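# okay, here's the prediction I keep looking at, along with the sequence it came from:
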Amino acid sequence: MIPKRSMQFMLAGLTSLLLFSAFPLLTLWPLAFVCLIPLMSAVKEFSARKTFLLSWLSGTLFYIGLLHWIVFNPAVEGWVKPLLYLGVVLIGFYLSLYFALSFALAKWLAVRTRMPFWAWLAVCLPTLDLLRSQGLLGFPWGSLGYTLVPWTNGIQMAALTGVYGLTCWAVLINGLLFDLGSRIWNQRAGLPEAFRKPKTIVMALGLVLLLVLPPWLGSLAVRSVEKLSLSSLRLNTALIQGNIQQGLRWDKEFQRFNFEEYKRLTLEASAQKVGLVVWPETALPFYLRFQPQYGNQMRQLADQTNSLILTGVPDMAVDESQKELFFNAAFLFAPGRGLLGSYAKSRLVPFGERFPLKDKIPFLKNVNFGEGEWTAGSDTIVFKTPEAALSCLICFESIFPGIARNQVNKGSKILVNITNDGWFGRSGAAMQHAQMAVLRAVENRRALARCANSGISMFILPTGKVVQPTPLYQQTVTVESLPLLGIRTFYSRFGDVFQYGLILLIAIGIFIPLVKKRS
């Protein structure tokens, strides 16, 4: 017989494995509805402190597995490479703190209120996910709700609640299955009698409703949005996946080759009379603003194809103190009008595009961890043209719901996400990143065109349906007619109101028992 403590560790590890399997690479998304049950069982009789420790271990194992691709970054110096393995472990430790805190807080609240632990967990886990996305180190990667993206009917509630509502829903189903399973197991000697108890009947009905009602309502929402899309204006959009080798892209000797490849592919796409051509993040890896020969050729290409061309480029400016500032940017060229405007990425990848506080730590100042030294942009830019009002999400900005929401509220009719995920090989990174962009389309009912240097490029309809996803590491040109919807969803208008309601529940759960105790 397995000792009780060993069984608890095994159950915690099983939750780590199930969580990992629910996300890409494996994408076994139905596991989202059962993955937390082993850990719930392991901490059933634990105090809040012990619950925190075991959940921290489980979360750490999950995040180390999920973020395995960090060690594949070829840009780091050779002697620093082993530190990436340590970095993945430390990031796992950090991110799992929020996971563990949600379990511990749920346990603490369950002891002081009449709500069961699993119900509080459905409140606490999305709340800690929201906190995890805030601040200098904000990184919402791995939120449970993203695993459900392949189930188009199931994710439609995101137009009301965002990803946090999906996480809450998945945890509730985990909890009800766990509670019902525990009751049935404890009363297995008299099963017929167990199913006659009112509480068991109510819980079973609640489980059925949670499993059936959201996807059924979601199917109605999909049909409604598809009907709107049929009658809307459309924009024929081309995605140019250049698949330029990472090392060559930044070699000055290959600038001309790089540009000519994108020009050739754009001319190929123009045969289908496209209104918008999208090139990926830093498709032109040089300071286009200060190289007029290429700037002129971009204008000529826009004129020749009669298309808007959105491309990723590095950009530079000088501040009031004459300090040079470098930006990860996007430029939009229009036929007959030249350069219409630019957008500088406002949310930088911590430790990837900027090392937080590196200039404050003397022994790290001159060490290259493979990160860039970009400056964050400060404005929400919507390019308003006669063809369409469009906005750009650069790289991992697509994982922050608030950025896309702000762009839509400023008038954007189509979202464009440009990225370069070629740093991480055939790991889970590209698929995980692409999957998260789908919810930005559903939350705001906007078509989203995602263009990646080496994949995955794809079109996402306002229902969340993915069209023409490209394979990794192949040069492709894809064209799709995208609807230009102007509706604003509940989520677009009010943001994370659902999540704020969950935070209010936690506040009530904390303060009401304290008031009762004093009185």
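Noted; the coordinates are in hand.

# what is the burial count for P3?
Using other Cβ atoms under 10 Å, the number of residues around P3 comes to 8. In short, each C-beta sits where N, CA and C put it, glycine included.

# need phi/psi at it.
When quoted as degrees, to the nearest 10, the phi and psi of P3 stand at phi -60, psi 150.

# let me know the secondary structure of A329.
Following DSSP: H, G, I helix; E, B strand; the rest coil, we place A329 in the strand state.

# show me what it is bridged to.
Assessed by DSSP bridges, A329 has beta-bridge partners V313, A344.

# check contacts around it.
A329 makes contact with 312-315, 342-345, 377, 394 under the criterion Cβ atoms under 8 Å, 6 or more residues apart in numbering.

# among the residues you listed, which one has the lowest pLDDT?
Least confident entry in the contacts of A329, by pLDDT: G377, with 88.

# what sits against the closest residue to that one other than its chain neighbours?
Once flanking residues are discounted, G377 sits nearest to A344: 2.8 Å by Cβ to Cβ, 6 or more residues apart in numbering. The contact partners of A344, by Cβ under 8 Å, 6+ apart, come to 315, 327-329, 375-379.

# if we can go back for a sec, what would the contacts of A329 look like in a markdown table with distance to W108?
Supplementary listing: those in a markdown table, determined by distance: Cβ to Cβ, whole Å:
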| residue | distance to W108 |
| --- | --- |
| G312 | 46 |
| V313 | 50 |
| P314 | 48 |
| D315 | 48 |
| S342 | 49 |
| Y343 | 44 |
| A344 | 43 |
| K345 | 39 |
| G377 | 41 |
| I394 | 40 |
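
# can you pick the most crowded of these?
I394 (28 neighbours).

# wait, doesn't that one sit right on A330?
Yes: with contact defined as Cβ atoms under 8 Å, I394 reaches A330; the gap is 6.2 Å.

# which residues are in contact with each of those two?
What both I394 and A330 touch, as defined by Cβ under 8 Å, 6+ apart, is the set 312, 343, 418.

# mind putting these into CSV with distance to S270?
Formatted as CSV, those follow (distance: Cβ to Cβ, whole Å):
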residue, distance to S270
G312, 20
Y343, 24
I418, 19
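
# on that earlier part again, closest one to V123 out of the contacts of A344, please.
When the contacts of A344 are compared for distance to V123 (Cβ to Cβ), A376 wins out at 32.3 Å.

# which element, helix or strand, includes the closest one?
For A376, there is no host helix or strand (DSSP states H and E).

# from G486, how far off is the residue nearest to L210 when sequence neighbours are not counted?
Residue nearest to L210 in three dimensions, not counting chain neighbours: I173, with 5.5 Å by Cβ to Cβ, 6+ apart. Relative to G486, I173 is positioned 35 Å away (Cβ to Cβ, to the nearest Å).

# cool, Y146 as well?
27 Å.

# so if I had to pick from these two, which one is more boxed in?
Shown here are Y146 and G486; by other Cβ under 10 Å, Y146 has more neighbours (24 against 14).

# so that one makes contact with A22?
No: Y146 sits out of contact with A22 when judged by Cβ under 8 Å, with a separation of 9.2 Å.

# and which of the contacts of A344 is nearest to L472?
N328 (21.9 Å).

# which residues sit in contact with that closest one?
Each residue near N328 by Cβ under 8 Å, 6+ apart is listed here: 281-282, 312, 314-315, 344-345, 348, 353, 372, 374, 394-395.

# and it, what pLDDT?
If you check N328, the pLDDT there is 95.

# residue contacts, the residue lying closest to it once chain neighbours are set aside?
The shortest distance from N328 to any non-neighbouring residue, by Cβ to Cβ, 6+ apart, is to K345 (4.2 Å). Contact analysis of K345 by Cβ under 8 Å, 6+ apart lists 327-329, 353, 374, 376-377, 394-395, 397.

# which parts of the stretch 351-500 of the chain are helices?
Assigned by DSSP state H, counting those that start in this stretch, the stretch 351-500 of the chain shows helices spanning 401-409, 429-444, 490-494, 497-518.

# out of those, which gets nearest to I184?
When these are compared by Cβ to Cβ, helix 497-518 sits nearest I184, at 28.1 Å.

# pLDDT on the closest one, on average?
pLDDT averaged over helix 497-518 gives 88.

# so G242 versus R299, what's the distance?
G242 is 20 Å from R299, by Cβ to Cβ.

# and the pLDDT for P198?
80.

# so how far is R289 from it?
70 Å.

# ok, L211 next?
54 Å.

# confidence-wise, which helix or strand of this protein is lowest on average?
Ranking every helix and strand in the chain by mean pLDDT, DSSP states H and E puts helix 191-194 at the bottom, with a mean of 65.

# tell me which helix or strand comes right after it.
Following helix 191-194 toward the C-terminus (DSSP H and E): helix 198-230.

# any idea of the angle that next one forms with helix 429-444?
90 degrees (axes from the mean of the first three to the mean of the last three Cα atoms, to 10 degrees).

# okay, now the sheet partners of whichever helix or strand comes after helix 198-230, with direction.
Note on helix 198-230: by DSSP H and E, the next helix or strand toward the C-terminus is strand 234-241. Using DSSP bridges, the strands paired with strand 234-241 are strand 276-278 (parallel), strand 476-483 (antiparallel).

# give the rounded mean pLDDT of strand 234-241.
Per-residue pLDDT over strand 234-241 has a mean of 98.

# ditto for stretch 458-473
97.

# measure the residue nearest to H68 when sequence neighbours are not counted to I456 for me?
Distances taken as Cβ to Cβ, 6+ apart put S427 closest to H68, at 6.3 Å, once the chain neighbours are dropped. Per Cβ to Cβ, S427 is found 12 Å from I456.

# then T476?
10 Å.

# mind listing the shared neighbours of these two?
T470.

# ok, those two, which is more surrounded?
I456 (22 against 15).

# for the more buried one, what are its contacts?
I456 sits next to 421, 430-431, 434, 450, 469-472 when contact means Cβ under 8 Å, 6+ apart.

# make sure the residue nearest to L210 is actually in contact with F33.
Yes: counting by Cβ under 8 Å, I173 does reach F33; the two are 4.5 Å apart.

# and V123, what does it touch?
106, 168, 502, 505-506, 509.

# what about those residues, which one has the most neighbours?
With neighbours defined as other Cβ under 10 Å, the most crowded of those is A106; it has 31 neighbours.

# please list all residues in contact with it.
A106 neighbours (Cβ under 8 Å, 6+ apart): 117-118, 120-121, 123-125.

# switch those over to a markdown table; also include pLDDT, distance to I37 and secondary structure.
A markdown table is the format used below for the contacts of A106 (pLDDT from 0 to 100; distance: Cβ to Cβ, whole Å; DSSP: H, G, I helix; E, B strand; the rest coil):
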| residue | pLDDT | distance to I37 | secondary structure |
| --- | --- | --- | --- |
| F117 | 97 | 12 | helix |
| W118 | 97 | 9 | helix |
| W120 | 98 | 16 | helix |
| L121 | 98 | 11 | helix |
| V123 | 98 | 18 | helix |
| C124 | 98 | 17 | helix |
| L125 | 98 | 14 | helix |
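
# closest one of the residues you listed to A334?
For the contacts of A106, the nearest to A334 is L125 (45.1 Å; Cβ to Cβ).

# looking at it, the closest one is touching G142, isn't it?
No: at 11.6 Å, L125 does not count as touching G142 under the criterion of Cβ under 8 Å.
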